[in-house]
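J.: Pasted the sequence and its predicted model underneath.
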There are 2 protein chains.
Amino acid sequence: MAKFALRKMRRKGLPSMSAQTVESRTSTENPSDSAGTSVDLGPASGLSCRECGQRFELGPIFACELCFGPLEVAYDLPLGDPEALRKQIEAGPENIWRYAPLLPVPADVADKPNLNPGFTKLVKAENLARELGVESGKLFVKDDSGNPTHSFKDRVVAQALEAARAFGFTTLSCSSTGNLAGAVGAAAARAGFRSCVFIPHDLEQGKVVMAAVYGGELVGIEGNYDDVNRFCSELIGDPLGEGWGFVNVNLRPYYGEGSKTLAYEICEQLGWRLPDQLVIPIASGSQLTKIDKGLQELIKLGLVEDKPYKIFGAQAEGCSPVSTAFKAGHDVVRPQKPDTIAKSLAIGNPADGPYVLDIARRTGGAVEDVNDEQIVDAIKLLARTEGIFAETAGGVTVGVTKKLIEAGLLDPTLTTVVLNTGDGLKTLDAVAATSQATATIRPSLDAFRDAGLAH
Amino acid sequence: MAKFALRKMRRKGLPSMSAQTVESRTSTENPSDSAGTSVDLGPASGLSCRECGQRFELGPIFACELCFGPLEVAYDLPLGDPEALRKQIEAGPENIWRYAPLLPVPADVADKPNLNPGFTKLVKAENLARELGVESGKLFVKDDSGNPTHSFKDRVVAQALEAARAFGFTTLSCSSTGNLAGAVGAAAARAGFRSCVFIPHDLEQGKVVMAAVYGGELVGIEGNYDDVNRFCSELIGDPLGEGWGFVNVNLRPYYGEGSKTLAYEICEQLGWRLPDQLVIPIASGSQLTKIDKGLQELIKLGLVEDKPYKIFGAQAEGCSPVSTAFKAGHDVVRPQKPDTIAKSLAIGNPADGPYVLDIARRTGGAVEDVNDEQIVDAIKLLARTEGIFAETAGGVTVGVTKKLIEAGLLDPTLTTVVLNTGDGLKTLDAVAATSQATATIRPSLDAFRDAGLAH
């Protein structure tokens, strides 16, 4: 998204937002944001450019001033005594803050008011395994619908919130068409931040309600999601946006790190073991890259034994720029105009697409897609086998897992973790047509018998 | 419900379902249900009548053959070494099965496929405390929206499921208009049971989808909820219903015990301390009575120090038979015809109403109600202060808490736990009218400035 926004800004001649410009504005116009080295974000030691490696001090910046590459958090990780670190983690709270020594947050983060997301269930999916032909004991669903606002977004927003606190921001903001709006609204409410969320003005009523109920500002923008994003980029570059932390723009480097916690939890819940295979949905691609980053950190820290693992990316056919590039053997991702029921994955120009391709190829994985009908079938398959009602994104990963097994790309004898990143209650429409009463009868035993319901 | 159903059955001359008749049917017609003493439900030693104390063997029965009183589970509790028991619990899984030694389930319950509900967050609600005038550090929300299907029903269904397993049932069933349908469908799917859920045929589309997605039988009954219940009672008494476990009818004694886990968790999460005050919603009243039972057990077991606590019951004004009786000083509860947005609490003739009155009076608590507008305000208050989006039942408890404080009945200087038993995503309609975008603007900074959104 950062890269995408920047490309668009440059193309359209909008104000740029490189590291340099933000830093000077911050230091001259907003003395409360001293940023830089005085900021306490725990083990985070700075930001580094993913493209050219240039280092920057910690601050509300997201793009390299040299090459416009995306910035990511660099760490001084607690190397040296894995046993002590493991014990510290295991003694920590039952949420993402048990991994505070590995995240860009202060050591006392668990004492601050936040939603305490994470440590969601890793469900051993024996019934689903049987249906998919996976060996018993080898298939797991990481079910992030158990988060406070029922999607993985609570993980990333919680990181952005801590960065916002550290930088002295008072408003938490984002552009969104769904899960993110609720996650930001809820996190801001609990932490005592003002929130201001921007949405397309014609969003479905249910989603408006879910975003508005937390009482922050909810602003409908006359235009589509691209218009909303362009407006947000303008606002960040303007004095009007001062003191505003846009979780997925100027706080994006911190925000993204939240997805690492999925990797940590999966390995810890497997008994401090790497899985052999992971199936991860791709929207911007950030989550997949950060899970890989998290796994690599665990290896570096000695918390898990180093061994090969394969990462598989999952897209909806109606928005499959990365799987298309993967299958064509391309390094670049060609944007698509999304048309799929998996709206939480419908990013036509995914900022981290090229990195996803790298990771899938490096680990020996793949990127695959499924169509809307397969998504619905997979949602219902997961529900009827494991009692987990997934959002459309979960239908994408389960559907892709099935397809990869059938194609011989995913080994059904190895430990495999499939991600469900959201809750079916948020995308009821996807399954409404095919999830109805099986019969309607008069209240009598005769009617019941006649309907063939007895057994 | 058991008592209510039986009263109705007797009134209408329907087949009775006393302990005796069920036991004899079970032993002669269904040899796989040997029931009786050979059933392993852990510390559960039998059933006893809440009215006359008569004991029965463990079995799929719910009413006393002598007096038609409701049956409840009796235990051989692990008395004697509280320290060892506490350690055992703390070393257990992060779900209700950590309390297996106190529940009617076999010791190896955690190894069986189920949804592993419970151990939901006890949220220290400092922002809400400030708004309600409660002393800092004293107000907590027990947030059961974190359960697998996002309501406390997962707790009770999980108990019923283990009883169903023990009695050799193969179908899990219930009558429902909402939360219970999803909880039963999901639990049955995961455990490999057939499920058959009965609903009024004209239920809202969203609720039908939530219940149907788990793939079990979902039967619309032409009639209202009373008709559905009457039909289910007939089915249990007929050979057609053989092998069927109705979680809230013939498995009700076990089902109800799931609510004790709320008491256990609250005390453990408070550091093995009793709270001073609890605010609990009343539908049938079962949950409130079982929480009291759970607190009493913890005292008996020496896991918490004995001290007084007050239990407050919360109802919606549009369905307030218990609060009406409480305020009038009556011992009996006069049925009402429900008319409230809090549909999950809309039981006009609550089976456990008289017991609730006893407990509220014995502990020095009270029963209060709030109207629909106050419920909506309270849902939004909780959302904007703590980032918790509650179902209407949560609006009832928070609204009642506010009212009790204003009336001087609830002491704002004491440790108080307010229950939220469900998720706002399931009752979006309640807040839809008043949760909307705060502004709609063109995508320009000028429009943003003109709307007064900058700060």
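T.: Yes, it's here.

J.: just checking, residue A:315 touches residue A:280?
T.: No: using C-beta atoms under 8 Å, residue A:315 makes no contact with residue A:280, being 10.5 Å away. Yep, even glycine has a C-beta here, placed from its N, CA and C like the rest.

J.: Only alpha carbons, please: show stretch A:283-300 as CSV.
T.: Output of stretch A:283-300 as CSV, limited to C-alpha atoms (Å, rounded to 0.1, in the frame of the first residue of the first chain):
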residue,chain,number,x,y,z
ALA,A,283,-4.3,-9.0,0.0
SER,A,284,-1.4,-6.5,-0.1
GLY,A,285,0.9,-9.4,0.6
SER,A,286,2.3,-7.8,3.8
GLN,A,287,0.9,-10.5,6.1
LEU,A,288,2.7,-13.3,4.2
THR,A,289,6.0,-11.5,4.1
LYS,A,290,5.8,-10.7,7.8
ILE,A,291,5.0,-14.3,8.7
ASP,A,292,8.1,-15.3,6.8
LYS,A,293,10.1,-12.7,8.7
GLY,A,294,8.7,-14.0,12.0
LEU,A,295,9.7,-17.6,11.2
GLN,A,296,13.2,-16.4,10.2
GLU,A,297,13.5,-14.5,13.5
LEU,A,298,12.6,-17.6,15.5
ILE,A,299,15.3,-19.6,13.7
LYS,A,300,17.8,-16.8,14.3
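
J.: those strands in chain A, which residues are they?
T.: For chain A, the strands defined by DSSP state E cover A:44-49, A:55-56, A:71-75, A:122-124, A:139-143, A:171-175, A:194-200, A:217-221, A:244-246, A:277-281, A:310-316, A:367-370, A:416-420, A:439-441.

J.: Using CSV, lay out the ones you listed together with distance to chain B, mean neighbour count and mean pLDDT.
T.: As requested, the strands of chain A are exported to CSV (distance: least, C-beta to the nearest C-beta, whole Å; neighbours: other C-beta atoms under 10 Å in any protein chain shown; pLDDT from 0 to 100):
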stretch, distance to chain B, mean neighbour count, mean pLDDT
strand A:44-49, 25, 20, 97
strand A:55-56, 27, 16, 97
strand A:71-75, 25, 21, 97
strand A:122-124, 8, 20, 98
strand A:139-143, 8, 26, 98
strand A:171-175, 7, 27, 96
strand A:194-200, 7, 24, 95
strand A:217-221, 4, 23, 95
strand A:244-246, 9, 27, 96
strand A:277-281, 19, 28, 98
strand A:310-316, 19, 28, 98
strand A:367-370, 18, 28, 98
strand A:416-420, 12, 29, 98
strand A:439-441, 4, 19, 95
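
J.: How is chain A divided into domains?
T.: According to automatic domain parsing, chain A comprises the domains A:2-79+A:153-255, A:122-150+A:259-432.

J.: Now tabulate the strands of chain A in TSV and tack on distance to residue B:204.
T.: Formatted as TSV, the strands of chain A follow (distance: least, C-beta to C-beta, whole Å):
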stretch	distance to residue B:204
strand A:44-49	47
strand A:55-56	52
strand A:71-75	45
strand A:122-124	29
strand A:139-143	26
strand A:171-175	31
strand A:194-200	25
strand A:217-221	25
strand A:244-246	37
strand A:277-281	30
strand A:310-316	28
strand A:367-370	30
strand A:416-420	25
strand A:439-441	15
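
J.: one step back: looking at the domains of chain A, which one has the lowest mean pLDDT?
T.: When the domains of chain A are ranked by mean pLDDT, domain A:2-79+A:153-255 comes last with a mean of 83.

J.: Kind regards, and thank you for your time.
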